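A.B. asks: The following block contains a protein sequence and its predicted model.
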Amino acid sequence: MTYSAETVALSDDELMRYARQVLLEGWDIDAQLRLKVSRVVMIGAGGLGCPASETLVRAGLGQIHLIDDDEIEASNLQRQTLFLPEDIGKPKALTAAEMLERINPLITARGTVARLSEDNAYDFLDMATGKPDLLLDCTDNFATRDIINRISVRYQIPLLSASAIAMQGQLALYEPHLNTGCYHCVFGSVAVDAEADERTCANSGVLASTTAIMGNLQANAALQYLGLTKNPLTNKLLIWDGSQMQQRLMGYRQDVHCPVCANFSQ
C-alpha cells in the first residue's frame, strides 16, 4: 500500500470524521492516508465479518470487498450486527456492503455473492488490478479456512484469520512473503479433517459477545497492519477465552515440512 502526498490527501470531511483517531499517539495523518489507500478482501460477512468490517469502515479503510454466498436468516440477527429483521432472505455480502457505505459514504464497499475457491480466486480478488493489501478470513469452518490459506500463500497476500465459537476465539496474522508460517503450519491436518470441520456456530452455538469481540480484535490487528505497517501478532496465535475472561498468546513457526508453504516458490 503506497501513496503519493501529491495525489492523495484527506478531505475536510475525512479530517473531521477521523479527528479523534489522528490525535492518537503513534497514529498520524500518514497512518490515516495508508488506511485510506488500502484494499481489503473479506471472506465471510457473518458474525465475525459484520463487526470487523464495520470497525474498519468507520476508521477509514478505503476499499473493502466482501465475499459470501449465504442469505440472512433470523438466527443470524443475534450477532450479525449489520443486518435488520427486514433483511431476512437477502444476500449477506450485498446487504453488508450497502450498509457499510451508509455508515461511511467516504469509503467504497462491494459485495460478491459467491463461494471463494482456488479456481475463482484470481478474478474474485481482483488480482488483475493488483493484490489486495490484506485478506480477512471471517469464515466458520476449517475446510474453508484451509482454502483461503492456500490462496494467501499462492498469491503471497497477508492473511488475517479469526475464529469464534461458543465463548472462545482465535486470531493470527500470517505473512507468507516473509516465510514465517501459515494457517496449515499452526493447525496441521485439522485444517482439512472432515470431522473437525463439523463444529460450527450453527451446530455448537456462539455467544453474541464472542463474535463481536473477536471481530473487533481482528479489526484492531488490521488497522495496525494497514495504517502502521506493523504486525502485532508476528508468529503469535491469540487465544481468547470469554468464560474465564482470559487471553493468551501462543508462539508458532513455519513447519519445514508444511505441504502448503514450506516449498512454495514465487
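C.D. replies: Good, I have the coordinates.
A.B. asks: And Ser161, its phi and psi?
C.D. replies: Dihedral pair for Ser161: phi -110, psi 130, per degrees, to the nearest 10.
A.B. asks: what separates the closest residue to it other than its chain neighbours from Arg150, distance-wise?
C.D. replies: Among residues not flanking Ser161 along the chain, Asp137 sits closest, at 4.0 Å (C-beta to C-beta, 6 or more residues apart in numbering). All C-beta spots, glycine's among them, are computed from the backbone N, C-alpha and C. Per C-beta to C-beta, to the nearest Å, Asp137 is found 12 Å from Arg150.
A.B. asks: Those two: who's more crowded?
C.D. replies: Asp137 (29 against 21; other C-beta atoms under 10 Å).
A.B. asks: in stretch 152-164, what's buried?
C.D. replies: Buried residues in stretch 152-164, counting neighbours by 16 or more other C-beta atoms under 10 Å, are found at 152-155, 157-164.
A.B. asks: typo on my end, stretch 238-257
C.D. replies: 238, 240, 242, 252, 254-255.
A.B. asks: do stretch 51-69 as well
C.D. replies: So stretch 51-69, judged by 16+ other C-beta under 10 Å, has buried residues 51-68.
A.B. asks: which ones among the buried residues of stretch 238-257 are found in strands?
C.D. replies: Among the buried residues of stretch 238-257, the members falling in strands are 238, 240 (criterion: DSSP state E).
A.B. asks: Could I get the phi/psi values of the one residue sitting closest to the centre of the chain?
C.D. replies: For the chain, the residue nearest the mean C-alpha position is Leu136 (2.2 Å; C-alpha atoms, centre = their mean). Main-chain dihedrals, Leu136, degrees, to the nearest 10: phi -110, psi 120.
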